[in-house]
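Novice: I would like the atomic coordinates for the input below:
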Amino acid sequence: MTRSIALLGSTGSIGRQTLEVARELGVEVAALTANRSVDLLEQQARAFRPRLAVLCDADAANELRRRLADTDVEVMSGMDGLLAAATMDEADTLVTAVVGMIGLRPTLAAIERKKRIALANKETLVCAGELVMDAADRHGAELIPVDSEHSAIFQCLQGCRDRGEIKRLLLTCSGGPFYGLSRGELAGKTRADALRHPNWTMGAKITVDSATLMNKGLELIEAMRLYRLPLARVEAVIHRQSIVHSLVEFRDGALLAQLGTPDMKLPIRYALTYPNRAPSAEPPLDLLSCPPLTFAPPDEEAFRCLKLAKQAAAAGGTACAVLNGANEAAVGAFLAERIGFLDVPALVERALAEVAQVSNPTLSDILEADRLSRASVERHIS
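Specialist: Take a look at the predicted model:
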């Protein structure tokens, strides 16, 4: 079980819930990091008294350093601060709750220190899955997924002695706020529309990804890397109720599923307590009052991001880094109301066509693919 954590992304939705779980479990907090949320990070630092607090924005870090001058909390900034948090001796577990490629280098650094990685940053495995998994094998680091779907699969596989017994993984998908709409009906959807997720309360970027179904595409790639399975054995299925968090189908036809309320504290708690389970004060799923459970195939023509993710997964190499970088840039532009909803998949598709892809990429190749894909999106927006 985890004794002390370094938490990347402490002010986001997953980060805040991780701190609640850490308090319940009596887990120490050695480091907290955020982007530029000075007020909230100051509150968290005073509540949990970490040794280190990091803000990516240098000016915000200077302000936080001034505010925490009466404490013994060290304040750092930028990537140097993230790497310091990820590798500090005081933390046996790194919780990666940041969004985007920024989580890649700290995750690799923590793996080299043989830490447990409670992974909620899907972009790390999407963009550099082979590098990350090979590094984890080489250094003997644990990767425990925090995403609800991958945690569900991880839990279902605990009794699986031979991964060859897996026929396929089934990742469930709520369908987001626009389920059932045609491509034409999606054209006028706004930022406010996309942020109305029916089941989950999440950050803006992942909520938009859920609306475009890119989130499920990224999770398909992540599952391929995490469980070392080909794309043909990983599928997505629409499940509007978000009660079945994912399923594993075995070669004898048996299906195992993990069910629960739409609550991220359960996978967070399991990642910190694995291989044990800790009591929870949260109300469990009541089977007698939950709605009927339904399943349907996703519409990949209306929601082209899912199809594009599958194409990138099939291509391999740096294609997934291009996909992810272009999507991050396009979603950022959509949230800034610079582009429309259907411009997101269009810009991602254009970047995949324009950016030259590299087979068997190094870390430098992956970072360059990410840079070029973002530049492609910005160029076409401009």
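
Novice: so where's the stretch 251-382 of the chain uncertain?
Specialist: Across the stretch 251-382 of the chain, nothing is flagged by pLDDT under 70.

Novice: Okay, helices next: where are they in it?
Specialist: 265-273, 304-315, 319-335, 343-354, 363-381 (DSSP state H, counting those that start in this stretch).

Novice: Can you tell me which of those helices is most buried?
Specialist: Of all these, helix 319-335 has the most neighbours on average by mean count of other C-beta atoms under 10 Å, namely a mean of 26. Any C-beta I mention is one placed from the backbone N, CA and C, and that applies to glycine too.

Novice: Please save the CA atoms from that helix in PDB.
Specialist: The C-alpha trace of helix 319-335 is given here as PDB (Å, rounded to 0.1, in the frame of the first residue of the first chain):
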ATOM      1  CA  ALA A 319       1.000   8.600 -35.300                       C
ATOM      2  CA  CYS A 320      -0.500   8.500 -31.900                       C
ATOM      3  CA  ALA A 321       1.600  11.400 -30.700                       C
ATOM      4  CA  VAL A 322       0.500  13.400 -33.700                       C
ATOM      5  CA  LEU A 323      -3.200  12.500 -33.000                       C
ATOM      6  CA  ASN A 324      -2.900  13.500 -29.300                       C
ATOM      7  CA  GLY A 325      -0.900  16.700 -29.900                       C
ATOM      8  CA  ALA A 326      -3.300  17.900 -32.700                       C
ATOM      9  CA  ASN A 327      -6.300  17.100 -30.500                       C
ATOM     10  CA  GLU A 328      -4.900  19.000 -27.500                       C
ATOM     11  CA  ALA A 329      -4.400  22.000 -29.700                       C
ATOM     12  CA  ALA A 330      -7.800  21.800 -31.400                       C
ATOM     13  CA  VAL A 331      -9.700  21.300 -28.200                       C
ATOM     14  CA  GLY A 332      -7.800  24.200 -26.700                       C
ATOM     15  CA  ALA A 333      -9.000  26.300 -29.600                       C
ATOM     16  CA  PHE A 334     -12.500  25.100 -29.300                       C
ATOM     17  CA  LEU A 335     -12.600  25.900 -25.600                       C
END
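
Novice: What helices and strands are in contact with it?
Specialist: Identification of packing neighbours for helix 319-335 by 3 or more C-beta pairs under 8 Å, 6 or more residues apart in numbering; DSSP states H and E yields helix 122-139, helix 191-194, helix 204-212, helix 214-227, helix 304-315, helix 343-354, helix 363-381.

Novice: Then Leu169 would be within a strand, right?
Specialist: Yes. Membership of Leu169 in a strand is supported by DSSP: H, G, I helix; E, B strand; the rest coil.

Novice: re the thing from before, quick check: which of the helices of the stretch 251-382 of the chain is nearest to Ala135?
Specialist: helix 363-381 (10.1 Å; C-beta to C-beta).

Novice: Residues touching the closest one, excluding its own?
Specialist: For helix 363-381, the surrounding residues in contact (C-beta atoms under 8 Å, 6 or more residues apart in numbering) are 101, 104, 108, 127-128, 131, 318, 321-326, 328-330, 333, 338-339, 347-348, 350-351, 354-355, 357-358, 361.

Novice: Nice, that's everything, thank you.
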